[in-house]
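Student: 3D, please:
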Amino acid sequence: MHHPIHNGIPSRQLGARGWSKPWSDDAGGACVEVKKLADGRVAVRQSTDPDGPALVFTPREMTSFLSGVKAGDADFLM
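Tutor: From the prediction side, this is the model:
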């Protein structure tokens with residue numbers, strides 16, 4: 001059965017291969033993992049819950065997010 005890819009999709013439905021950890025928490029091993037999907041979207045999951053839900057972003061959404069972080073737009077979270 002084919003499952004359409006959507007926000008909140010169980011990460012296991014996206015496969016075990018291709019996930020990377022570009023950001024990690026050196027203190028406890030909690031990492032954010034990302035996977036570029038075949039259609040160009042990016043899935044994001046919590047490494048401590050690899051079977052949990054994945055957030056799925058379009059390339060434009062991911063570019064906007066990363067540009068904002070680089071520009072300091074998320075500094076209030078620190």
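Student: where exactly do the strands run in the protein?
Tutor: Per DSSP state E, the chain carries strands over the ranges 9-10, 20-24, 31-36, 42-46, 53-57.
Student: Tell me which strands the lowest-mean-pLDDT helix or strand in the chain pairs with, and in which orientation.
Tutor: Comparing every helix and strand of the chain by mean pLDDT, DSSP states H and E singles out strand 20-24 as the least confident one, with a mean of 78. Strands that pair with strand 20-24, judged by DSSP bridges, come out as strand 31-36 (antiparallel).
Student: and the strand it pairs with, C-alpha only, in PDB?
Tutor: Extracted in PDB, the C-alpha atoms of strand 31-36 (Å, rounded to 0.1, in the frame of the first residue of the first chain):
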ATOM      1  CA  CYS A  31      19.800  15.200  17.200                       C
ATOM      2  CA  VAL A  32      17.600  16.600  14.500                       C
ATOM      3  CA  GLU A  33      17.800  14.300  11.500                       C
ATOM      4  CA  VAL A  34      17.000  15.300   7.900                       C
ATOM      5  CA  LYS A  35      16.300  13.500   4.700                       C
ATOM      6  CA  LYS A  36      16.000  14.900   1.200                       C
END
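Student: Contacts for it next, please.
Tutor: Residues outside strand 31-36 that contact it (C-beta atoms under 8 Å, 6 or more residues apart in numbering): 14, 18-25, 42-48, 50, 54. The C-beta positions use only the backbone N, C-alpha and C, and glycine is treated the same way.
Student: Please repeat the previous calculation with a cut-off of 7 Å.
Tutor: For strand 31-36, contacts defined as C-beta atoms under 7 Å, 6 or more residues apart in numbering pick out 14, 18-25, 42-47.
Student: Give the residue spans of this protein that score low on pLDDT.
Tutor: For the chain, the stretches with pLDDT under 70 are 1-3, 24-29.
Student: which one is the residue positioned nearest the centre of it nearest to, not counting chain neighbours?
Tutor: Centrality entry for the chain: nearest residue to the mean C-alpha point is residue 44, 1.3 Å, by C-alpha atoms, centre = their mean. Spatial nearest neighbour of residue 44, excluding adjacent residues (C-beta to C-beta, 6 or more residues apart in numbering): residue 55 at 4.7 Å.
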